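1. everything below, folded, please.
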Amino acid sequence: MTGEVELRSLRGRPWDLLREFDRRARGAAQGKPDAAVSGSEWVGIAFRLGGEAFLLAREETREVMSYPATVTRVPGAKGWVRGLSNLRGQLLPVIDLRAFLGSGSTTVTRATRVLVANHREIPAGLLVDEVMGFRRFYESEFSADLPPTLLRCERYLAGAFKRGAEVWPVFSVRTLLESQSFLQAAAS
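-> Purely as a prediction, here's the structure:
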């Protein structure tokens, strides 16, 4: 039993026990022996745009919030700029991500969320249809191959995580926010 964690030793640490159960279950699902399922873990936020699911790196997200009660329209801005919101004393541009990608505007519902980007220079809140919570993957499940998407947003992807038949494209907020098309928010 070298390298294997004894479950009894985790009795008083419920989170560590759950993490060990998760690690073992993932190994069994992949058909790998228990000792082979190790390595760094990647954590991302799963969200939905239209009928597609994506991941966003946890460190690229400052917070997830409901759609603000007040969003002030910005005259002369492109249609995908929903407006500005006051987030604890700071102005936050709210961007309709689906509209920016050319896939129609997002209808605000109870499930609609704003992903506040964690970028030191460019503040932005990305409007998405739904946030589905955290997803955890092992680094070994990552592929740099860009999967095709219905939204045709491959230029903003940083690869994908693959687990069985599931493919989770990783959306790169940094690539999006620093792109020229995003920075040109003024209507022509």
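2. how close does E20 get to L10?
-> For E20, the distance to L10 equals 6 Å [Cβ to Cβ, to the nearest Å]. No exception for glycine: its C-beta is placed from N, CA and C like everyone else's.
3. now do the shared contacts for these two.
-> Common neighbours of E20 and L10, counting by Cβ atoms under 8 Å, 6 or more residues apart in numbering, are absent.
4. next SSE after the longest helix anywhere in the chain?
-> The longest helix of the chain (DSSP state H) is helix 14-29. Moving toward the C-terminus from helix 14-29, the next helix or strand (DSSP states H and E) is strand 41-49.
5. mean confidence (pLDDT) on that following strand, please.
-> Averaging pLDDT along strand 41-49 yields 95.
6. what lines up beside whatever helix or strand comes next after that strand in the sheet?
-> Toward the C-terminus, strand 41-49 is succeeded by strand 52-57 as the next helix or strand (DSSP H and E). Sheet pairing for strand 52-57, assigned by DSSP bridges, gives strand 41-49 (antiparallel), strand 166-171 (parallel).
7. what are the buried residues along strand 52-57?
-> Judged by neighbour count (16 or more other Cβ atoms under 10 Å), strand 52-57 contains these buried residues: A53, F54, L55, L56, A57.
8. in JSON lines: those residues, plus distance to D16.
-> Listed next are these as JSON lines, based on distance: Cβ to Cβ, whole Å:
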{"residue": "A53", "distance to D16": "29"}
{"residue": "F54", "distance to D16": "30"}
{"residue": "L55", "distance to D16": "25"}
{"residue": "L56", "distance to D16": "26"}
{"residue": "A57", "distance to D16": "24"}
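9. now flag whichever of these is closest to W42.
-> Distance to W42 across these (Cβ to Cβ) is lowest for A57, with 7.6 Å.
10. now do the contacts for the closest one.
-> For A57, the contact set (Cβ under 8 Å, 6+ apart) comprises W42, G44, V170, S172, V173.
11. I'd like to know how many residues surround W15.
-> Residue neighbour count, defined by other Cβ atoms under 10 Å, stands at 8 for W15.
12. before we move on, what about the one 5 residues further on?
-> Other residues within reach of E20 by the criterion other Cβ under 10 Å amount to 17.
13. I'd say it and R8 touch.
-> No - judged on Cβ atoms under 8 Å, E20 makes no contact with R8 at a distance of 11.3 Å.
14. could you pull out the helices for the protein?
-> 14-29, 97-100, 173-177, 180-183.
15. bridged to Q90, which residues?
-> L87.
16. per-residue confidence for it?
-> 91.
17. separation between it and W80?
-> 21 Å.
18. please give me every residue in contact with S179.
-> The neighbourhood of S179, defined by Cβ under 8 Å, 6+ apart, consists of R155, Y156.
19. all set now, cheers.
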